[in-house]
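Q: What shape does this take:
(one chain, ligands or ions: 2)
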Amino acid sequence: MLNHRLKSDISEYARQQGADLIGFVSTRHLDAVTPTRYTPTRLWPEAKTAISIGRRLLTGAVAVGTGDMVQNARWVAWRTNELLNNCAMEIGHFVEQHGFRALPLSNGTMVDPKWNNMGLYGELSHRHVAAEAGLGTIGVATYIVTPQFGPRVFFNTILTDAELEPDSKLDFSPCDQCPGECVKACPTGAIIRGRRTIKKRLCIPRANPQGFMVLQDYINSLMALPDLESRRQRIEDFDFARLHQSLVQGVGTIAGCFDCLAACPVGLGPKGQTA
Ligand code: SF4
Ligand code: SF4
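A: Ligands and ions are numbered 1, 2, ... in the order given. Sure thing, here's the model as predicted:
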């Protein structure tokens, strides 16, 4: 039976916890439309509803992210993900205090045990959940474009066994009228109009500049050096400092490139800010 009161209480609580967007979709519907095998009920068969939450990315960070001082923008992006994940945890506790079970998922964690698709499938596609929960549309750049913030918003999902009324999908097609600013802005040619996903092999070195593969390459390069002195010098270089920063702060492990986010005209005010 649909629980209307709980849905509005969760929405209000989520906003108090910092969510800028919230939407609801049934797992049965998601199972039917998810284009991969990573469906919600594969993750948790008793889940009935997926709650999608979004937190905006500050546009100051997006502006800085297209210049030379990108590290701070990467830090803001990582912190935005952390706050979003904290919000998901709090919503999970709120749902359980109301007599149902909840499973907050993580955003920013790469989970692909079979190592398909460069490891970049999460346990659930948060952007597909957000689109089906009526929060935006999957755009040409395959990120989700929202009316309020364009693509400058991160998403996470909380599964619950509570049956909550689903929201309607948005009737929103901003890319139809756009000449493809994201395509023009991408320096690696990773975005192709009409393609279901971006070309990840072209995007990932920029989007995850201190990600797993860079760490792997760094360790391999260290092991390949012939003597202790050259290894010592390698450890003292700035690559190691950046990798250390990524390990302790997450900086550069995700959201390392902001060019396609900055280029999208949807949801921007006159000074390039979001509402
Ligand atoms: S994140 Fe950067 S490299 Fe990746 S698609 Fe966007 S603009 Fe291109
Ligand atoms: S820049 Fe244009 S084509 Fe690209 S996602 Fe935004 S609206 Fe769509």
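Q: What separation do you get for residue 147 and ligand 2?
A: From residue 147 across to ligand 2, the span is 11 Å (C-beta to the nearest ligand atom, to the nearest Å). All C-beta spots, glycine's among them, are computed from the backbone N, C-alpha and C.
Q: wait, that residue sits on residue 173?
A: No: taking C-beta atoms under 8 Å as the definition, residue 147 is not a contact partner of residue 173, at 11.2 Å.
Q: ok, which residues in the stretch 151-275 of the chain are in contact with ligand 2?
A: Residues of the stretch 151-275 of the chain found near ligand 2 (C-beta under 6 Å from any ligand atom) are 174-175, 178, 180-182, 263-264, 266.
Q: ok so, going back, between residue 147 and residue 173, which is the more surrounded one?
A: residue 147 (15 against 11; other C-beta atoms under 10 Å).
Q: mind checking how far residue 254 is from ligand 1?
A: Distance from residue 254 to ligand 1, by C-beta to the nearest ligand atom: 10 Å.
Q: so what's the backbone phi/psi at that residue?
A: phi -140, psi 170 (degrees, to the nearest 10).
Q: cool, residue 22 as well?
A: According to degrees, to the nearest 10, residue 22 has phi -150, psi 140.
Q: Residue 62 touches residue 152, doesn't it?
A: Yes: taking C-beta under 8 Å as the definition, residue 62 is a contact partner of residue 152 at 5.7 Å.
Q: Give me the common contacts of the two.
A: Listed as contacting both residue 62 and residue 152 by C-beta atoms under 8 Å, 6 or more residues apart in numbering are residue 261.
Q: which element is residue 198 on?
A: Following DSSP states H and E, one finds residue 198 outside all helices and strands.
Q: And for the residue nearest to it when sequence neighbours are not counted, the neighbour number?
A: In this structure, residue 198 finds its nearest non-sequential neighbour in residue 190, 4.6 Å apart by C-beta to C-beta, 6 or more residues apart in numbering. For residue 190, the count of nearby residues is 24 (other C-beta under 10 Å).
Q: How about the one 3 residues further on?
A: The burial metric for residue 193, expressed as a neighbour count using other C-beta under 10 Å, is 13.
Q: how about the nearest residue to it, chain neighbours excluded?
A: residue 140 (5.1 Å).
Q: who touches the one you found in this structure?
A: Contacts of residue 140 by C-beta under 8 Å, 6+ apart are 175, 178, 180, 182-183, 191, 193.
Q: Next one: residue 9 from residue 201, what distance?
A: Per C-beta to C-beta, to the nearest Å, residue 9 is found 44 Å from residue 201.
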